[in-house]
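A.B. asks: Just a sequence and a predicted model for now, questions to come.
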Amino acid sequence: MAGIYIHIPFCRKACHYCNFHFSTTHSLLPQMVAAICNELTQRRDYLLAPEGTIETSSELHIPHQVMQEVATIYLGGGTPSICTNEQLQQIFTAIRAQYPISSNAEITLEANPDDITPEKLAAWQLLGVNRLSIGVQSFREEDLQWMNRAHNAQQVWQSLQWAKEAGFNNISIDLIYGTPTLGNEAWLDNLDKALGLGIPHLSCYALTVEPKTALEKMIKLQKIASPEAERQAIQFELLQQWAAGAGYEQYEISNFALPNWRSKHNSSYWQQQWYLGIGPSAHSFNGTSRQWNIANNVLYIQSIQSGTPNLELETLTQIQQLNEYIMTSLRTMEGLSLAFVTAKWGEETAASITEKAKKIINSDHVLFAPSHLQLTPKGKLYADGIAADLFFEEQ
């Protein structure tokens, strides 16, 4: 099983904190949609099953490599909900023409509250969209204005009401904590509002100062203060406590779901399943290598038009694959499987990880369950550093 990610690199406004690849000028949107459809055709072979996995045609008796079934489709960005219904139809037609889609595929569309209308929701359902990821960020007007979001608090409530009335049950919302405008009580109130609306999935992120963003520039100019690490740590701990009490699984450090409502697409990243990334700056992964498209709209379109996608390729060594597994698995609720490490990299490697982890286990940051290493709630604050301590160096 595999996934497809489509990057739509356009937004209505530039949020102060965002460093994703996007443009607020939409003149290239028609050409971008055409290029995305063409790239879906040009890179069709990327999702062929791993080498050696073949089937024989019953008519011709000729062995041939088969394409993996697509279990998840995710339109992200940027803001995919900017697209017209006709543009989205073009993209979905191209996907279905080239790839075998599972009958119960999870098909997610990222949308901003200000784009959502009853008419659009009905059109998205006809296209096969069965999951919405809505960029709420906060229910509070003060927070939204500070972030420079394109929507207001009223649009948050209205969009979620319309989505539920349209029959969308599988809804995720993004929330940001650790902003200067958000106190601890206000943060818990945001979470309670999501619970009250019956939202089954939350993606919660600490405010991060990314390079080349408006936020970084304003901090350098001393127009605003840097985010307080202590505030963010406290609000993360409050989030974990709240989620446990409200019945949400913290199945990944930043992702919380009611039982049976995990994101299948996001989970595929952490489980190192194959995925094809389409559009400028989109990444692809096939188990042994990673590819990413150029993060420039004009050059991306030109490269697709010429039939030679402008992308970079990194072939992962065994050590790099191991370190990626350590990093991604520790972020999940299930943790790092020593049995899996043994099967793929050998008993000596698993024993080395266990030895390295002893010091961390004693610090109350990691639990050593039978054949698994799992981060404690406290340890999740230090996930990147803990993973780095377990990394292996190339010989």
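C.D. replies: It's in.
A.B. asks: Which residues does stretch 283-302 contact?
C.D. replies: Residues from elsewhere that reach stretch 283-302 (CB atoms under 8 Å, 6 or more residues apart in numbering): 5, 7, 9, 21, 23, 28, 31-32, 35, 43, 46, 50, 272, 274-282, 303, 309-316, 321. Heads up, the C-betas are built off the backbone N, CA and C, glycines and all.
A.B. asks: Just the buried positions in it, please.
C.D. replies: Across stretch 283-302, burial judged by 16 or more other CB atoms under 10 Å covers 283-286, 290-297, 300-301.
A.B. asks: Over to stretch 315-327?
C.D. replies: Of all the residues in stretch 315-327, those buried under the rule 16+ other CB under 10 Å are 316, 320, 321, 322, 323, 324, 325, 326, 327.
A.B. asks: How about the secondary structure of the second one?
C.D. replies: Here residue 320 is helix, with the state taken from DSSP: H, G, I helix; E, B strand; the rest coil.
A.B. asks: hmm, back to that, just the buried residues of stretch 283-302 now: which is nearest residue 180?
C.D. replies: Ranked by distance to residue 180 (CB to CB), the buried residues of stretch 283-302 are led by residue 295 at 29.5 Å.
A.B. asks: Look up how far residue 216 lies from that closest one.
C.D. replies: 18 Å (CB to CB, to the nearest Å).
A.B. asks: Take the contacts of stretch 283-302 and keep only those in strands.
C.D. replies: Of the positions in the contacts of stretch 283-302, 5, 7, 274, 275, 276, 277, 278, 311, 312, 313, 314, 315 sit in strands, assigned by DSSP state E.
A.B. asks: tell me the contacts of the last one?
C.D. replies: Read it as residue 315. For residue 315, the contacting residues are 288, 289, by CB under 8 Å, 6+ apart.
A.B. asks: Could you tell me the per-residue confidence at it?
C.D. replies: For residue 315, the model assigns a pLDDT of 96.
A.B. asks: where along the stretch 51-200 of the chain do the strands fall?
C.D. replies: Assigned by DSSP state E, counting those that start in this stretch, the stretch 51-200 of the chain shows strands spanning 54-56, 63-65, 70-77, 101-111, 131-137, 171-177.
A.B. asks: can I get the ones you listed in a markdown table with distance to residue 91?
C.D. replies: Shown next, in a markdown table, are the strands of the stretch 51-200 of the chain (distance: least, CB to CB, whole Å):
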| stretch | distance to residue 91 |
| --- | --- |
| strand 54-56 | 29 |
| strand 63-65 | 26 |
| strand 70-77 | 7 |
| strand 101-111 | 10 |
| strand 131-137 | 16 |
| strand 171-177 | 20 |
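A.B. asks: Tell me which of those strands sits nearest to residue 392.
C.D. replies: Closest approach to residue 392 among the strands of the stretch 51-200 of the chain is made by strand 70-77 (30.3 Å; CB to CB).
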